[in-house]
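Novice: Following is a predicted model, sequence given first.
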Amino acid sequence: MKPLWRLNKYLVKYKWYLLLGVVFTVISNVFVIIPAQLVRISIDYVVESFSYYQLFDQSLLAEESRRIFLKFIVVFGSLMLGMALLRGFFLFLIRQTIIAMSRLVEYDLKNEIFEKYQSLPLSFYRLNSTGDLMARITEDVSRVRMYVGPALMYGINLIVLFPMVIAYMLTVNVPLTVYSLLPLPVLSISIYVVNNLINERSEKIQRSLSNLSTFVQEAFSGIRVIKAFVREADSANDFQKASEEYKQKSIRLTKVESLFYPLILGLIGLSTIITVYVGGKQVIAGAIGYGVIAEFILYVNMLTWPVTSLGWVTSIVQRAAASQTRINEFLDEHNPIVSTEGLNRDIVGRIELDNVSFDYPDSGIKALEKVSFEIKEGQSLAIIGTTGSGKSTIANLLMRMYDASSGQIRVDGVDIRAYDISSLRKQIGYVPQDVFLFSDTIANNIGFGLEQDLVTSHLVEKAAKDADVYENITGFPQGFKTRLGERGITLSGGQKQRVSIARAIAKEPKILLLDDCLSAVDTKTENAILNSLSTIMKGRTSIIISHRVSSAKLADAIVVLDDGRVVEYGTHEELLLKKGVYAELYEKQTQSVQEGEE
């Protein structure tokens with residue numbers, strides 16, 4: 001139960017729902033006990049009245065006695081019906097309090113987890129898969145809700161009903177109470193065992209279903225490859241094998257579930273037989289009336305579900321505790337990326353890296369080693385290097401997705417750690433290498449970096465024009481209101497890149513950070529985008545990260561990285577004269593482009 005203590009703050013927050021739920025549970029159980037007493041009284045009344053009615057059967061009072069007899073029967077029937085309706089009403093109120101509370105807790109918990117997810121650094125997402133993150137905010141939260149809702153509701157009902165019913169049964173007849181309740185502990189233990197088997201096999205089915213879904217998703221996503229290599233038959237056979245495994249596990253679960261209701265009904269029947277047998281002997285001895293047997297049978301049936309639910313509730317609590325443990329692991333994650341001073345001010349754009357080294361915390365790989373350079377406000381710098389040289393790591397450090405292992409990064413002469421993180425990132429326009437567009441309108445994608453009340457058609461259109469994508473967008477039937485498919489699939493590669501650039505410049509950033517954003521486009525598209533960028537970069541501190549030397553021509557200075565170190569620094573012309581790494585890259589790439597054109 002210890003992991004579930006984390007939920008106590010929510011139970012305190014919604015205490016009135018919980019307290020009212022307890023009150024309604026007590027009242028509803030009162031209306032459960034009273035009808036059983038009415039049944040005993042009415043049966044005893046019918047038995048006694050029937051013997052008196054036989055005495056008056058041939059007399060003038062027969063009609064009157066019959067009328068009185070039927071009157072009492074109608075009264076008892078009406079009372080029992082009224083009690084049933086009142087109990088139903090209070091059961092409705094129980095669900096409107098306790099179950100409603102569980103939904104509110106579920107809502108708050110999901111929001112807490114999602115907010116925590118967004119506050120965690122990139123290293124957290126490198127260590128954890130998206131599927132696991134989704135499972136904890138959906139499946140695990142749903143299991144925790146079952147504890148706060150149904151488990152708590154049935155647990156309270158058990159705690160309230162048991163003492164009330166058993167205490168009253170003991171006041172009526174102690175021996176009959178003991179005998180009639182004998183099968184109930186066996187029932188509870190049996191249900192607990194069966195439930196554990198059901199849960200265990202359900203878990204296996206869920207895993208099997210997940211594997212099956214993944215297989216189908218991959219098959220449909222890669223349908224072109226499957227068709228191109230004529231692997232349809234093999235794919236169908238693999239699916240059949242996976243389906244067979246799922247089928248066998250489902251049948252095994254069905255066999256266990258088939259024990260559930262027969263077990264309950266069998267033990268209820270045994271309890272009823274014991275009640276009738278022991279009660280019958282006492283009726284013959286004249287110790288009790290017929291109505292007591294009927295009353296006790298009703299009580300046994302009343303206690304059956306709470307006792308049955310005890311095993312079920314225990315199982316829910318176990319699963320909820322396991323799920324809450326998984327949730328707590330993420331909620332207890334510490335984010336080392338924090339602001340030291342909370343500095344919130346407009347930046348000019350001067351950037352300095354002073355002997356910056358960085359090792360990735362999850363893998364220990366050294367990405368940068370004693371990197372130093374400076375960019376003055378309004379100037380541009382190109383960072384060139386092969387794959388794995390540490391180019392994108394610099395972008396991550398400037399965005400404070402990570403903190404440098406050693407050395408210092410300064411913005412306007414101030415340590416980057418001193419700035420408020422949100423304030424810093426709002427003043428940086430970032431265009432990632434892997435363009436990600438949301439399944440939304442083009443206008444909303446371009447205005448994504450702006451506050452919602454600041455998103456205007458003028459700002460969006462201006463950014464689109466600056467990024468040279470305005471004419472493409474207006475060519476669509478719905479223009480800026482065109483909804484994009486998943487990850488922007490509606491657009492071509494070049495259009496996606498330019499929309500991504502428009503999104504970065506729409507918020508008019510002081511620093512523009514282009515992280516190898518032209519790697520996925522052809523030479524013609526690259527030249528078109530570079531022409532747009534030459535206008536966009538004016539008056540902004542710009543950093544162009546690329547493995548193509550063609551992108552570096554726009555920059556005032558160029559840094560060449562190799563294996564995390566700065567190996568060359570200078571302008572395009574200066575580096576060509578050095579006949580070093582940059583000149584070699586330039587020659588190879590220029591030759592490759594010329595051969596491609598031929």
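Specialist: Okay, I see it. Numbers count the residues shown, from 1 in each chain.
Novice: any idea which element the nearest residue to Y569 once chain neighbours are set aside lies in?
Specialist: Of all residues not flanking Y569 in the chain, V559 sits nearest, at 5.4 Å (Cβ to Cβ, 6 or more residues apart in numbering). C-beta here means a position set from N, CA and C on the backbone, and glycine is covered the same way. Per DSSP states H and E, V559 falls inside strand 557-562.
Novice: So which elements touch that strand?
Specialist: strand 366-375, strand 380-385, strand 565-570, helix 572-578, helix 581-597 (3 or more Cβ pairs under 8 Å, 6 or more residues apart in numbering; DSSP states H and E).
Novice: domain parsing for the protein?
Specialist: For the chain, automatic domain parsing gives the domain ranges 1-172, 174-287, 346-427+512-598, 435-508.
Novice: Can you say which of the ones you listed is nearest to A322?
Specialist: Closest approach to A322 among the domains of the chain (Cβ to Cβ): domain 1-172, 7.9 Å.
Novice: Now find how far off-centre that closest one is within its chain.
Specialist: Distance of domain 1-172 from its chain centroid, counting by Cα atoms, centre = their mean, to the nearest Å, is 29 Å.
Novice: go on, stretch 422-429?
Specialist: 28 Å.
Novice: Tell me which residues of that stretch come out buried.
Specialist: Neighbour counts using 16 or more other Cβ atoms under 10 Å place 424-429 of stretch 422-429 among the buried residues.
Novice: same deal with stretch 222-229?
Specialist: Counting neighbours by 16+ other Cβ under 10 Å, the buried set in stretch 222-229 is I226.
Novice: Ok, stretch 165-179 next?
Specialist: 165, 169, 173, 176-177, 179.
Novice: Name the helix or strand of the protein that has the lowest mean pLDDT.
Specialist: When each helix and strand of the chain is scored by mean pLDDT, DSSP states H and E, helix 581-597 comes last, with a mean of 69.
Novice: Report the separation between K2 and Y10.
Specialist: According to Cβ to Cβ, to the nearest Å, K2 stands 16 Å off from Y10.
Novice: Out of those two, name the residue with the larger neighbour count.
Specialist: More neighbours surround Y10 than the other of K2 and Y10, with 20 against 9 (other Cβ atoms under 10 Å).
Novice: now the more buried one: how far from R145?
Specialist: To R145, Y10 is 11 Å away according to Cβ to Cβ.
Novice: Let me know how buried the closest residue in space to F260 that isn't next to it in sequence is, in neighbour terms.
Specialist: In this structure, F260 finds its nearest non-sequential neighbour in V194, 5.8 Å apart by Cβ to Cβ, 6+ apart. Counted by other Cβ under 10 Å, the residues lying close to V194 total 19.
Novice: just checking, V194 is part of a strand?
Specialist: No - V194: not assigned to a strand; according to DSSP: H, G, I helix; E, B strand; the rest coil it is helix.
Novice: Surely it is in contact with Y261?
Specialist: No - here V194 does not reach Y261: they are 10.3 Å apart, not a contact under Cβ atoms under 8 Å.
Novice: Give me the pLDDT value at the residue positioned nearest the centre of the chain.
Specialist: With distances taken as Cα atoms, centre = their mean, I137 lies nearest the centre of the chain, 2.2 Å away. Here, the pLDDT recorded for I137 equals 84.
Novice: and the gap between it and I316?
Specialist: To I316, I137 is 19 Å away according to Cβ to Cβ.
Novice: what about the helix or strand K496 falls within, distance to the chain center?
Specialist: Following DSSP H and E, one finds K496 within helix 493-506. With Cα atoms, centre = their mean as the basis, helix 493-506 stands 30 Å off its chain's centre.
Novice: Tell me where the model's unsure across the stretch 351-500 of the chain.
Specialist: 452-456, 485-489 (pLDDT under 70).
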